[in-house]
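# Next comes the sequence, and after it the predicted model I'd like to discuss.
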Amino acid sequence: MPLPKAELHLHIEGTLEPELAFALAARNGVTLPYADTEELREAYRFDDLQSFLNLYYELMAVLRTERDFEDLANAYLARAAAQGVRHAEIFFDPQAHLARGVAMGTVVEGLWRALGRSEDNHGVSTRLILCFLRDESAESAMETLDAAKPYLDRITGVGLDSAEVGHPPVKFREVYEAAAALGLRRVAHAGEEGPPQYVTEALDVLGVERVDHGLRCMEDADLVERLVRERIPLTLCPLSNVRLRTVDVLADHPLPAMLDAGLLCTVNSDDPAYFGGYVGDNFDAAASALGLGEDRLRELARNSFLASFLEDDEELRSRYLAEVEAYEFP
Ligand code: ADE
Ligand code: ZN
């Protein structure tokens, strides 16, 4: 039995495996510019975040109907459950779908067909987080939030993703204020490729409760001290960092130094279909490359539930935390 854990940094579109991409392309009459899954996998060599995003957005062309989003989410939940995930807070990128003529309702209702039954079907509780694309305008983000208003009973929070450098958090001040006024939780990608100042700005200007990646905080000792003091969780994604070349090799990942500094770190998969593994694979790879022992692994699993948005169900959180403490490593 794998270590029980929550996954808090997972883009549902980033779980699109080549086999499912081709199956959905055939179902929807979409032609992909790759001969087969093998040729597609060959394209999974990235120089940086942007080179990945180009492929990520290109492959979304196959996602068209509610059923497509349902199938995508069910495929993820089945894989995640097999790797010990008990709770998943799942990002989605509506602007990338709206731009292709796929309505907000199609995306949210399609995902909900899987998420709404996930506890029964997969043993995984879920929350949904709507992400704004930071390389699109603030106006577009506000329109997207407006389009989501009929679906707010299905959406727990908002996030900020896509190309980071040159798109500082401050651009989205108003939309985050509007999201807070609607009672939505707030997170943002910051300090993945962008500087530590983006992490500070996400906290001060956007009021985020959790930072996605946040890796580059390590360049600013005062910021680290603040993150520790305020118990701000960081959702790290080790295999993603290697594939997108923010870290040369896994053995160089700052995760152990971050834990030693007292940061509330979690381990996640980001875009597992593209980066060579789901969250359990990230735990395993980090454990062997970085020499993490059982205490560290249990700490990471505990942190994942502490950092989750389970304030609305503390009984469930307590149950998960008890599972972590009772877990016996093989
Ligand atoms: N969208 C999907 N994955 C992402 C990542 N790692 N960083 C920024 N935007 C993303
Ligand atoms: Zn991400």
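Yes, it's here. Residues are numbered from 1 along each chain as shown. Ligands and ions are numbered 1, 2, ... in the order given.

# For ligand 1, what's its nearest residue on the stretch 151-300 of the chain.
residue 161 (3.5 Å; CB to the nearest ligand atom). Glycine gets a C-beta too; all of them are placed from N, C-alpha and C.

# can you pull up the bridge partners for that residue?
residue 133 (DSSP bridges).

# in terms of contact, does it touch residue 10 like I think?
No - assessed by CB atoms under 8 Å, residue 161 is found out of contact with residue 10, at 11.4 Å.

# and residue 307, how far is that from ligand 1?
Going from residue 307 to ligand 1 by CB to the nearest ligand atom, to the nearest Å gives 18 Å.

# can you check residue 77 too?
Where ligand 1 is concerned, residue 77 sits at a distance of 18 Å (CB to the nearest ligand atom).

# distance of that residue from residue 117?
9 Å (CB to CB, to the nearest Å).

# Comparing the two, which residue is more hemmed in?
residue 77 (24 against 14; other CB atoms under 10 Å).

# Assign the more buried one to helix, strand or coil.
helix (DSSP: H, G, I helix; E, B strand; the rest coil).

# And residue 20, by the same measure?
Strictly by three-state DSSP, residue 20 counts as helix.

# The one 5 residues further on too?
At residue 25, secondary structure determined by three-state DSSP is helix.

# how much space between residue 149 and residue 140?
Distance from residue 149 to residue 140, by CB to CB: 16 Å.

# Residue 86: how many residues sit nearby?
Counted with other CB under 10 Å, residue 86 comes out at 24.

# I'd guessed it sits against residue 7; true?
No - Residue 86 lies out of contact with residue 7 (CB under 8 Å); the separation is 9.2 Å.

# hang on, the earlier thing: who's more crowded, residue 149 and residue 140?
In this view residue 149 and residue 140 are compared by other CB under 10 Å, and residue 140 has more residues nearby, 15 against 10.

# Which of the helices or strands spans that one?
helix 138-148 (DSSP states H and E).

# now for that helix, which elements pack on it?
helix 94-98, helix 104-115, strand 125-133, helix 173-181 (3 or more CB pairs under 8 Å, 6 or more residues apart in numbering; DSSP states H and E).

# let's go with 7 Å and repeat that
Contacts defined by 3 or more CB pairs under 7 Å, 6 or more residues apart in numbering; DSSP states H and E place helix 138-148 against helix 94-98, strand 125-133, helix 173-181.
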